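*Asks:* Structural data only, the sequence is not supplied:
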């Protein structure tokens, strides 16, 4: 705590001498991705995007293989900086690394943004869907859980959400039945499915009603 406080005070004092002085202070402790990200932010605020990218790349190289919760943010920042400088091929490579580690709708959107700018989106899209279809299947309806469960099984929830984001409700419906998804995603999917196929959505809404009734009963019977 004392070390952290000293660094804070040094950083405040350095601000009077400009961004280079601040970077020098921040660079005294480069044990975390968050510290590299702070340096990048200072340089970006000063309009020095090239130097910010150099620091982001240095951080990714030096922290490679370490367990650091800030690494995904640093990787995304590096991808954004590459894109700002027109290096879309490098941006999409980093976006893919991020997506492959933890597939998400947001990761898919970033991958699409950089892939379209690079002209290589169709290839990356195919790879992304292949990755999403590999996710372990979840029973439909998902088994009941008691208390907190970690990690919670997601089935093909991300795949379904990606397809819904793309506007392909039919493909999302098929993916949900093939790979399963969590109830919240089922409900979102059913609402959209009901617009053209209301009968298909009824079983999903029925499960939601039954679950709500069950929760109410347990709460009522609680001593």
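*Replies:* Received the coordinates, thanks. Keep in mind it's a predicted model, so treat the numbers as computed, not measured. Numbering: from 1, shown residues only.
*Asks:* List the buried residues in the helix or strand hosting residue 40.
*Replies:* Taking DSSP states H and E as the criterion, residue 40 maps to helix 33-45. Taking 16 or more other CB atoms under 10 Å as the basis for neighbour counts, the residues of helix 33-45 that come out buried are 33, 35, 36, 37, 38, 39, 40, 42, 43, 44. C-beta coordinates here come from the backbone N, C-alpha and C atoms, glycine included.
*Asks:* same deal with stretch 169-186?
*Replies:* So stretch 169-186, judged by 16+ other CB under 10 Å, has buried residues 169, 171, 172, 173, 175, 176, 179, 180, 181, 182, 185, 186.
*Asks:* Also stretch 204-214?
*Replies:* Neighbour counts using 16+ other CB under 10 Å place 204, 207 of stretch 204-214 among the buried residues.
*Asks:* what's the average pLDDT for that stretch?
*Replies:* Stretch 204-214 shows a mean pLDDT of 80 in the predicted model.
*Asks:* Can you show me the helices along this protein?
*Replies:* Secondary structure of the chain, counting by DSSP state H: helices at 2-14, 19-26, 33-45, 49-62, 71-84, 88-101, 105-118, 121-133, 157-165, 169-179, 183-193, 198-221.
*Asks:* Just the angle for the shortest one relative to helix 33-45, thanks.
*Replies:* Just to be clear, that refers to helix 19-26. Helix 19-26 and helix 33-45 are oriented at 180 degrees to each other (axes from the mean of the first three to the mean of the last three CA atoms, to 10 degrees).
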